[in-house]
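1. quick one: sequence and predicted model below, then my questions.
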Amino acid sequence: MIQFSWDTPMARPQLVASKPLPRQAADPLRVAVTSANPLRRAALVMRLSVFGDLALNEIGEVDDVRNVDVVLADAIDPSRFSAPSVVLVVDNTEAAQAIARGARGVLLRAAPPRRLHTALRAVADGLVIVDDDLAEGVLPHARSRIDLIEPLTPREQQVAQLLSGGLTNKEIAQRLGITEHTVKFHLNGILRKLGVSTRTEAVVQAARLGLLIL
């Protein structure tokens, strides 16, 4: 494992630490491309068709999205999908709403094909991805490293790392051999010290501050 540096110019879009990458690079990634606008769907499929490792499926009806690894959705409520989703948005407000409704990634509609491809692969492998241009909308109270209220304790760092893998409080408690009440106590400390109010914000902010390990 390596320490991810958030100060490097290549850290766009932002990747948040999560689970080990389970897929083989040679495996085609099954991607559902969906939008209420058929022209938008067709355009997205065309932009991604240059990548040979993607198995693209253009889908008009959200209820028809099944048996895929990841969804690329154009301004559609991500809570309607069972698979992880990357949602394309037009501004910070839409980005924050998409994350709140369960999107694993948010990118601007104008994102170039290479960035779309990177986001789809990352989200399918269990990561959370937020375009730098949208970060302030998702993290309105983001702080720099020097503004961290106080350092995370070793146990809080462990909880944050497991939180980034999508584990529930119960799963974290079982992994660390502590009670769910203790996990909640540590989670409250993490939120306070990072200056955020939700679990998703905590994971993204901790990664931006270099507190998580990939």
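-> Nice, I can see it.

2. count the neighbours of residue 67 for me.
-> Counted with other CB atoms under 10 Å, residues neighbouring residue 67 total 8. No exception for glycine: its C-beta is placed from N, CA and C like everyone else's.

3. return the backbone torsion pair for it.
-> phi 60, psi 50 (degrees, to the nearest 10).

4. over to residue 58?
-> Dihedral angles phi and psi of residue 58 (degrees, to the nearest 10) take the values phi -80, psi 120.

5. secondary structure class of the closest residue to residue 159 other than its chain neighbours, three-state.
-> Ranked by CB to CB, 6 or more residues apart in numbering and with sequence neighbours excluded, the top spatial neighbour of residue 159 is residue 186, at 4.5 Å. Of the three states, residue 186 takes helix according to DSSP: H, G, I helix; E, B strand; the rest coil.

6. doesn't residue 156 make contact with residue 186?
-> Yes. Under the criterion of CB atoms under 8 Å, residue 186 makes contact with residue 156 at 5.1 Å.

7. just how off-centre is the helix or strand hosting residue 122 within its chain?
-> Per DSSP states H and E, residue 122 falls inside helix 113-124. Remark: helix 113-124 is offset 11 Å from the chain centroid, using CA atoms, centre = their mean, to the nearest Å.

8. sheet-wise, list the partners of the helix or strand that it is followed by with their directions.
-> Note on helix 113-124: by DSSP H and E, the next helix or strand toward the C-terminus is strand 128-130. Strand pairing for strand 128-130, determined by DSSP bridges: strand 14-16 (antiparallel), strand 105-108 (parallel).

9. quick one, the helix or strand following the shortest one and helix 113-124 angle?
-> Same thing as strand 14-16. Helices and strands here follow DSSP H and E; after strand 14-16, the next one along the chain is strand 29-35. What separates the directions of strand 29-35 and helix 113-124 is an angle of 110 degrees, with axes from the mean of the first three to the mean of the last three CA atoms, to 10 degrees.
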